[in-house]
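Student: Here you go, sequence then predicted model.
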Amino acid sequence: MTPKIAFLGLGGMGAPMATRLLAAGHPLTVWNRTPAKAQVLAALGAVAAATPGDAVREADVVISMLADPAAVTAVADSAAPQLRPGAHWLEMSTIGPEAVRDLTDRLPDGVTLLDAPVMGSVDKAAAGELGILVGGDADGVEELLGDLGTVTRCGALGSAAALKLVLNTAVIGGVVVVAEALALADSLGVPAATAEHALLGSALGGAARRAFATDAAFATGLAAKDVGLATSAARLPVLAAVRDRLTAHPDLAPQDLALAAERIRGGGAEPVVPPPRPFPL
């Protein structure tokens, strides 16, 4: 039997993921805080719900793809009273393991929660080529998740959310390091093309490719949020500085991380002024 799915959150990642599930033949009900986005999916054959509770009432599987822990909490509190016993809730946002544990306490008995954050941007979501990290028992939903990408089981509930933070902060930190390295190159007179080519071939090649990307859509504000989740979980002074760099340009919050890297690079590297030499006595 094809499970009925409720998809909550149709942002940059949620919309192409929901579209993939609809194309795979899954009965789909969708909800989004901005109703117009749900109507786009309704035109393709989904049912648009007015509230999260309405969306999940008949669902066998609930997928949440939301911006941050606060959004997940608000949606879960609205939806929980309408959840069916035996339903699976797949939390696919990037919210960290603490928020996953909090979500466990908000769901009624008989509902199975899995954390299943994804690796990849909107292009991978549209193509069904996401990397899906799963914490918890995925036996009942792995085939469904296969319509969205490749599943990697990480262990117990919360383990995937934890690993996602590790991976995201490594990439985000690397992008900012590449941006500052290019600012240094500019200050030292190294030709831009030379510096970029060398960085692409270096140990930071993956971060450099992401810093130069033109076809991705990972909002700088969300990147800063992810780094903030990491720095609240451990003492990470370098990543705290990365977050400061990302939040220094509020106008870039909705723009892709690569634009933030470009802004950081364009600001130039601050010259180091040597301390004055003491006057000889």
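Tutor: Received it, and whenever you're ready, just let me know what you need.
Student: Next, the contact list for Ala208, please.
Tutor: Counting by Cβ atoms under 8 Å, 6 or more residues apart in numbering, Ala208 touches Val178, Glu196, Leu199, Leu200, Ser202. Backbone N, C-alpha and C define where each C-beta goes, glycine included.
Student: What separation do you get for it and Gly11?
Tutor: 27 Å (Cβ to Cβ, to the nearest Å).
Student: ok, back up a step: buried only: go through the contacts of Ala208 for me.
Tutor: Val178, Glu196, Leu199, Leu200 (16 or more other Cβ atoms under 10 Å).
Student: Ala38: which of those is nearest?
Tutor: Nearest to Ala38 among the buried ones among the contacts of Ala208, counting by Cβ to Cβ, is Val178 at 37.6 Å.
Student: How is the most centrally placed residue in the chain assigned, secondary-structure-wise?
Tutor: Computing the C-alpha centroid of the chain and ranking residues by Cα atoms, centre = their mean puts Thr94 first, at 4.9 Å. Following DSSP: H, G, I helix; E, B strand; the rest coil, we place Thr94 in the coil state.
Student: Any chance of CSV for the buried ones among the contacts of Ala208, columns pLDDT?
Tutor: Output for the buried ones among the contacts of Ala208, formatted as CSV (pLDDT from 0 to 100):
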residue, pLDDT
Val178, 98
Glu196, 97
Leu199, 98
Leu200, 97
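Student: Out of those residues, which comes closest to Leu163?
Tutor: Val178 (22.8 Å).
Student: pLDDT score for Leu163?
Tutor: The model reports Leu163 with a pLDDT of 98.
Student: and what of Ala269?
Tutor: Value for Ala269, per-residue pLDDT: 51.
Student: which residues in the chain form helices?
Tutor: Listed in chain order, the helices of the chain (DSSP state H) span 14-23, 35-42, 52-56, 69-79, 96-106, 122-127, 142-145, 159-188, 192-200, 205-211, 220-233, 237-247, 257-266.
Student: can you list contacts of the fourth one?
Tutor: What that stands for is helix 69-79. 6, 8-9, 51-53, 55-56, 62, 64, 66, 91, 93, 95-96, 98-99, 102-103, 106-107, 229.
Student: And these, which of them are buried?
Tutor: Here, 16+ other Cβ under 10 Å leaves 6, 8-9, 52-53, 55-56, 62, 64, 66, 91, 93, 95-96, 99, 103, 106-107, 229 buried among the contacts of helix 69-79.
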